[in-house]
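Student: Sharing a model prediction with you, sequence too.
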Amino acid sequence: MSSQFGRAKLQLVERLRRTEALKRYEVYKRSEWFTPEQILDIQLDKIRKLLKHAQAQVPYYRDIFLQAGVQPDDIKTVRDYQRLPLLTKDTVRQNGDQMLARNRAVFAPHRKATGGSTGHPLTYYMDRQSRSAQWAHIYRLWHTAGWQPGEKMVMLGGSSLYPSSDAIKKWFYVKLNNWLPLSAFGMSPVKMLAWTEQLRKFKARFMHAYASSAYLFAKFLQENAIQDIRFDAVFTTAEMLQPKFRTLIEQVFGCKVFDFYGAADGGAFAFECEAHLGLHCVSESCFIEIVNETGDAAAPGEIGEVVTTDLNNHAMPFIRYRLGDKGMFAEAPCSCGRGLPVLQKVIGRTPDFIESKTGERYHEEFFSYLFKEVDWISQFCVVQKSRDQLDVFLKADTQPTASELVRLQDFLSKKFKGMTLQFKLSEELPVSASGKYKYIINKT
């Protein structure tokens, strides 16, 4: 397929989706090379415009600015901006329509909802510019590895990778995008074997996938000595990319992995470039902060909470919005030369920690590094059902010996004294309501 024909099909997608992603994509390919100072100037200008709009059109923010004693024209620096209070998901739920701009119709708002990874989905609205930016950032990620607009893409995932629509609309949407959709739900050897034939016929250079799904598919190919399914790049998303996942995906598919972090409700996205030294924040359209427990800006190299402002969403502005993720800015700029700031890591959702009876909280990296050193464990999921009970689901590459299992049980029992731990060897691991695999599920 010619690049012109492929781009023409994407332009039809834009009309159906009511976005301007291709135009923004061309802009972002240039702006990512601006200096950090130029990018910050762009952000501060957009922040002031967003604040003026929010003050004039959004009842919730009109009251908040009065309470904080802040006027949009007062915002000259990042420190000035940080005088504004943080916004939580509960605040959004409690204020409902008061969060919506009175003139929202001019921004063509689109109703959205989070996947409910915390057990409580959030309904919100994204305007046309925000949705356009989201797709433009995905296109830029793909372009970093050589993709051109309209080029074939394998899409291995679920509801978060596709629009919610009826079967006919979805079929047209997929065809116009030039995608091969593979469902991450109910992956089985029979299905994955069928995928290999589809992939041989489709002949795509790229795959965009849930991280765990790409890993499971790579593991199936390795175990069955299938060596002809190769890509120029695999883009992972939706879940934290474990080192073990990256290693196997790159080995089996013969290419580099490019990870992508996305939180659409806050307009926060970050992508991995060809240097693979972290995730570049998409600062042209969002302002990302890392704050510590006191609410102050965390230093580079210090883990804190991710706070974001979508600089494009005027229909329902989320200003200094707490995503519930933890992250850390890199201490040095990326060697690629882009002026976009770099997240060294994003380590997990704030609610998804395991808490011991003594109040100690263990995030998923604790378990990730623990099980990384255990050769027979392929995947894991730790479920906290109550303050007193943990279920540890383990998917084994090989059957562990009794002594191996006992050693693991003893180690975790010492860490979580006074709690009931149940270890379950299983081929099927728990998933979230949206079908995404999570390492930690806290139901308390």
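Tutor: Arrived safely.
Student: Pass me the low-pLDDT residue ranges in the stretch 101-250 of the chain, would you?
Tutor: 114-121, 159-166, 186 (pLDDT under 70).
Student: which stretches of it form strands?
Tutor: Assigned by DSSP state E, counting those that start in this stretch, the stretch 101-250 of the chain shows strands spanning 110-113, 123-126, 153-157, 179-183, 206-210, 233-237.
Student: Reformat those strands as a markdown table; add mean neighbour count.
Tutor: The C-beta positions use only the backbone N, C-alpha and C, and glycine is treated the same way. Output for the strands of the stretch 101-250 of the chain, formatted as a markdown table (neighbours: other CB atoms under 10 Å):
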| stretch | mean neighbour count |
| --- | --- |
| strand 110-113 | 13 |
| strand 123-126 | 20 |
| strand 153-157 | 22 |
| strand 179-183 | 18 |
| strand 206-210 | 24 |
| strand 233-237 | 25 |
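Student: do you know which of the ones you listed lies nearest Arg104?
Tutor: Closest to Arg104 of the strands of the stretch 101-250 of the chain is strand 123-126 (CB to CB; 7.1 Å).
Student: what's the closest one packed up against?
Tutor: When contacts are defined as 3 or more CB pairs under 8 Å, 6 or more residues apart in numbering; DSSP states H and E, strand 123-126 packs onto strand 110-113.
Student: With adjacent residues omitted, what lies nearest to Asp73?
Tutor: Take Asp73 and drop its neighbours on the chain: the residue closest to it by CB to CB, 6 or more residues apart in numbering is Arg48, 7.3 Å away.
Student: list the buried ones in the helix or strand containing that neighbour?
Tutor: Using DSSP states H and E, Arg48 sits within helix 36-57. Across helix 36-57, burial judged by 16 or more other CB atoms under 10 Å covers 39-40, 42-44, 46-48, 50-51, 53-55, 57.
Student: Kindly report the same for stretch 406-424.
Tutor: Buried, per 16+ other CB under 10 Å, within stretch 406-424: Leu408, Leu412, Lys415, Phe416, Met419.
Student: List phi and psi for the second one.
Tutor: When read as degrees, to the nearest 10, the backbone of Leu412 gives phi -70, psi -30.
Student: wait, what's in contact with it?
Tutor: Leu390, Val392, Leu421 (CB atoms under 8 Å, 6 or more residues apart in numbering).
Student: Stretch 59-71 - what's its average pLDDT?
Tutor: Mean per-residue pLDDT for stretch 59-71: 91.
Student: contacts for it?
Tutor: Residues from elsewhere that reach stretch 59-71 (CB under 8 Å, 6+ apart): 51, 54-56, 72, 83-85, 95, 98-99, 102, 317, 319.
Student: go again using 6 Å as the cut-off
Tutor: Residues from elsewhere that reach stretch 59-71, judged by CB atoms under 6 Å, 6 or more residues apart in numbering: Ala54, Gln55, Arg83, Leu84, Asn95, Gln98, Met99.
Student: How about stretch 394-409?
Tutor: By CB under 6 Å, 6+ apart, stretch 394-409 touches Trp376, Ile377, Ser378, Gln379, Phe380, Phe423, Leu425, Leu429.
Student: can we see that at 8 Å?
Tutor: So stretch 394-409 is contacted by 371, 374-380, 421, 423-427, 429 (CB under 8 Å, 6+ apart).
Student: in it, what's buried?
Tutor: Buried residues in stretch 394-409, counted by 16+ other CB under 10 Å: Leu394, Lys395, Ala396, Pro400, Glu404, Leu405, Leu408.
Student: and the second one, helix, strand or coil?
Tutor: Three states are possible here, and by DSSP: H, G, I helix; E, B strand; the rest coil the one that applies to Lys395 is strand.
Student: can I get the contacts of stretch 59-71 in TSV with secondary structure, pLDDT and distance to Cys334?
Tutor: TSV is the format used below for the contacts of stretch 59-71 (DSSP: H, G, I helix; E, B strand; the rest coil; pLDDT from 0 to 100; distance: CB to CB, whole Å):
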residue	secondary structure	pLDDT	distance to Cys334
Ala54	helix	97	32
Gln55	helix	96	36
Arg83	coil	88	30
Leu84	coil	92	29
Asn95	helix	93	38
Gln98	helix	96	40
Met99	helix	96	35
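Student: For those residues, which two are the farthest from each other?
Tutor: The largest separation in those, counting by CB to CB, is between Arg83 and Gln98 at 21.3 Å.
Student: can you give me how far stretch 175-192 is from the chain middle?
Tutor: Distance of stretch 175-192 from the chain centroid (CA atoms, centre = their mean, to the nearest Å) equals 20 Å.
Student: buried set for that stretch?
Tutor: Here stretch 175-192 shows Leu176, Asn177, Asn178, Trp179, Leu180, Pro181, Leu182, Ser183, Ala184, Met187, Met192 as buried, counting by 16+ other CB under 10 Å.
Student: so how far does it reach from one end to the other?
Tutor: Taking CA to CA, to the nearest Å, stretch 175-192 runs 21 Å from one end to the other.
Student: For Ile138, see how far away Gly418 is.
Tutor: 46 Å (CB to CB, to the nearest Å).
Student: Repeat that for Gln67.
Tutor: Distance, Gln67 to Ile138, by CB to CB: 37 Å.
Student: Who has more neighbours out of the two?
Tutor: With neighbours defined as other CB atoms under 10 Å, Gln67 and Ile138 compare such that Ile138 has more, 22 against 8.
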